[in-house]
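S.K.: pasting the structure only:
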């Protein structure tokens with residue numbers, strides 16, 4: 001078969017396909033015969049329905065299926081012969097003026113681009129590093145203690161302070177009118193934990209049991225409750241109960257309750273350090289990987305297939321709708337979400353995917369089985385039963401594919417860092433953990 005490929009735009013191509021009409025007709029007839037063996041219709045015994053009746057009922061749909069199958073096969077064969085890497089789905093239309101006994105179709109489609117990766121030696125990458133210090137371990141210990149705190153009621157004449165759990169009744173009004181979500185009874189929160197708006201906490205701090213107070217509260221412009229965002233409400237608060245927090249001591253009892261094998265404080269701190277170092281490692285990998293990918297995109301030249309970008313846009317929009325639905329937004333699946341909101345993100349993903357794939361192919365940076373195993377073992381190490389987590393990953397090909405993709409990205413990161421101009425930058429533990 002001789003295939004003629006016409007270039008329409010940068011990545012857009014056109015192939016004209018021809019098929020003998022009798023090939024279509026013969027296949028339609030064969031499929032209708034198979035249907036006729038089992039088809040059931042009122043007034044006929046199974047398998048005894050006349051062919052003209054079967055053809056009248058099923059002919060159109062069978063013809064449509066055959067055309068799709070045969071034209072699809074012809075296109076795949078033509079693209080393979082022309083050694084084309086087809087991106088997305090072709091747009092196939094029947095062509096007028098075909099020779100007698102033939103059917104002709106135009107297939108318009110895109111091909112994947114040639115990816116040119118420049119000299120990585122000219123790329124500049126800032127590589128971050130961070131250490132786990134004693135202060136980070138102390139703060140983690142404080143968090144673990146807070147998670148295990150107990151509460152005891154304060155004396156009637158003692159005021160609420162940071163760390164106390166208060167039980168309150170409150171009601172808010174805007175211009176004298178109550179609003180949804182502005183009233184509650186026996187509501188509890190920890191003063192100073194940031195659960196409530198700062199003005200609310202400031203008003204309750206210092207109050208005593210049985211005391212009431214009215215105060216104004218200005219909702220921020222970006223407040224999640226859109227009905228009250230940017231408005232000022234007057235709140236009446238009555239304190240019903242104040243409970244003082246009691247934190248467990250850092251001792252062997254705490255260590256044992258946290259599952260430390262030797263039950264010692266030193267063992268507890270060592271466990272915390274190990275877990276924090278693992279988290280720091282993953283955070284640094286993520287940050288440094290992002291910097292490498294930025295550098296890699298910067299030295300690469302390629303055209304983007306519109307069809308692949310559109311497919312990525314569709315995925316992002318669908319993901320946004322699913323997120324809205326999960327948040328309880330009504331008719332989220334019909335929400336008007338313009339593609340342009342996600343176009344820069346979609347184009348970057350497609351560009352990065354093509355560049356990374358090219359670099360992996362050129363430099364054999366594929367994930368090795370031992371690398372995948374090591375990464376799964378590392379992920380599982382932070383869980384109480386690592387063996388169960390390992391089996392969880394290994395029992396699902398999709399999870400394994402996700403791990404494989406991460407390992408490949410790590411291989412790409414290491415490769416680029418070995419070639420690029422790298423400047424090291426140390427950041428504090430707090431700075432690293434504060435950034436998304």
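M.R.: Received it, and whenever you're ready, just let me know what you need. Worth saying up front: this structure is predicted, and the values here are computed from it rather than measured. Numbering: from 1, shown residues only.

S.K.: show me where the protein has its strands.
M.R.: Under the criterion DSSP state E, the chain contains strands at 5-7, 12-20, 86-95, 102-111, 116-117, 124-129, 150-153, 165-174, 177-190, 212-218, 232-246, 300-301, 421-426.

S.K.: quickly list the domain ranges of the protein.
M.R.: With domains defined by the TED database, the chain comprises 4-111, 150-246, 261-435.

S.K.: would you list those in CSV and tack on mean pLDDT and distance to residue 125?
M.R.: Where you see a C-beta, it was placed from the backbone N, CA and C, and this is true even at glycine. Shown next, in CSV, are these (pLDDT from 0 to 100; distance: least, C-beta to C-beta, whole Å):
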stretch, mean pLDDT, distance to residue 125
domain 4-111, 86, 30
domain 150-246, 94, 35
domain 261-435, 91, 5
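
S.K.: is it possible to get JSON lines of those that adds mean neighbour count?
M.R.: Conversion of these to JSON lines gives the following (neighbours: other C-beta atoms under 10 Å):
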{"stretch": "domain 4-111", "mean neighbour count": "14"}
{"stretch": "domain 150-246", "mean neighbour count": "15"}
{"stretch": "domain 261-435", "mean neighbour count": "15"}
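
S.K.: ranges for the helices of the protein?
M.R.: 21-38, 51-81, 134-147, 198-204, 252-257, 265-298, 306-326, 343-363, 369-380, 386-394, 397-419, 429-434 (DSSP state H).

S.K.: for residue 228, find the nearest of those.
M.R.: helix 198-204 (12.9 Å; C-beta to C-beta).

S.K.: which residues are contacting that closest one?
M.R.: 160, 166, 168, 191-192, 194, 196, 213, 215-218, 235, 237, 239 (C-beta atoms under 8 Å, 6 or more residues apart in numbering).

S.K.: now the domains of the chain in TSV, with distance to residue 126?
M.R.: Output for the domains of the chain, formatted as TSV (distance: least, C-beta to C-beta, whole Å):
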stretch	distance to residue 126
domain 4-111	34
domain 150-246	31
domain 261-435	5
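
S.K.: nearest to residue 135, out of those?
M.R.: domain 261-435 (7.7 Å).

S.K.: now do the closest one: distance to the chain's middle.
M.R.: 10 Å (C-alpha atoms, centre = their mean, to the nearest Å).

S.K.: does residue 180 touch residue 174 like I think?
M.R.: No: look at residue 180 against residue 174 with C-beta atoms under 8 Å: they stay out of range, at 10.9 Å.

S.K.: follow-up on the earlier one: out of the helices of the chain, nearest to residue 89?
M.R.: helix 306-326 (7.0 Å).

S.K.: count of residues packed around the residue lying closest to residue 141 once chain neighbours are set aside?
M.R.: Leaving aside its sequence neighbours, residue 141 sits nearest to residue 250 (C-beta to C-beta, 6 or more residues apart in numbering; 6.1 Å). Neighbourhood size, residue 250 [other C-beta atoms under 10 Å]: 16.

S.K.: quick check: the gap between the residue nearest the centre of the chain and residue 308.
M.R.: Centroid-nearest residue in the chain: residue 319, 8.1 Å away (criterion: C-alpha atoms, centre = their mean). Taking C-beta to C-beta, to the nearest Å as the measure, residue 319 falls 17 Å from residue 308.

S.K.: try residue 289
M.R.: With C-beta to C-beta as the criterion, residue 289 and residue 308 are 22 Å apart.

S.K.: could you do residue 76 as well?
M.R.: 18 Å.

S.K.: isn't the residue nearest to residue 141 up against residue 145?
M.R.: Yes: with contact defined as C-beta under 8 Å, residue 250 reaches residue 145; the gap is 7.2 Å.

S.K.: picking that back up, nearest to residue 386 among the contacts of helix 198-204?
M.R.: For these, the nearest to residue 386 is residue 194 (33.9 Å; C-beta to C-beta).

S.K.: OK, contacts around that closest one?
M.R.: residue 201 are the contacts of residue 194 under C-beta under 8 Å, 6+ apart.

S.K.: now swap in residue 33 and tell me
M.R.: Residue 33 touches residue 51, counting by C-beta under 8 Å, 6+ apart.

S.K.: let's go with 10 Å and repeat that
M.R.: 51, 54 (C-beta atoms under 10 Å, 6 or more residues apart in numbering).

S.K.: would you mind measuring from it to residue 39?
M.R.: Counting by C-beta to C-beta, the gap from residue 33 to residue 39 is 11 Å.

S.K.: anything in contact with each of residue 180 and residue 174?
M.R.: With C-beta under 10 Å, 6+ apart as the test, residue 180 and residue 174 both reach 227, 228.

S.K.: hmm, back to that, dump the helices of the chain to CSV, plus distance to residue 123.
M.R.: What follows is the helices of the chain, written out as CSV (distance: least, C-beta to C-beta, whole Å):
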stretch, distance to residue 123
helix 21-38, 54
helix 51-81, 35
helix 134-147, 32
helix 198-204, 44
helix 252-257, 47
helix 265-298, 4
helix 306-326, 24
helix 343-363, 12
helix 369-380, 24
helix 386-394, 33
helix 397-419, 7
helix 429-434, 23
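
S.K.: and those: which comes nearest residue 124?
M.R.: Taking these one by one with C-beta to C-beta, helix 265-298 is closest: 6.6 Å.

S.K.: angle of the closest one against helix 343-363?
M.R.: 90 degrees (axes from the mean of the first three to the mean of the last three C-alpha atoms, to 10 degrees).

S.K.: other SSEs contacting helix 265-298?
M.R.: If contacts are counted by 3 or more C-beta pairs under 10 Å, 6 or more residues apart in numbering; DSSP states H and E, helix 265-298 sits against strand 124-129, helix 134-147, helix 252-257, helix 343-363, helix 369-380, helix 397-419, strand 421-426, helix 429-434.

S.K.: quick one: list the elements packing against the fifth one.
M.R.: Here helix 369-380 is seen to pack against helix 265-298, helix 386-394, helix 397-419 when contacts are counted using 3+ C-beta pairs under 10 Å, 6+ apart.

S.K.: alright, I will stop here.
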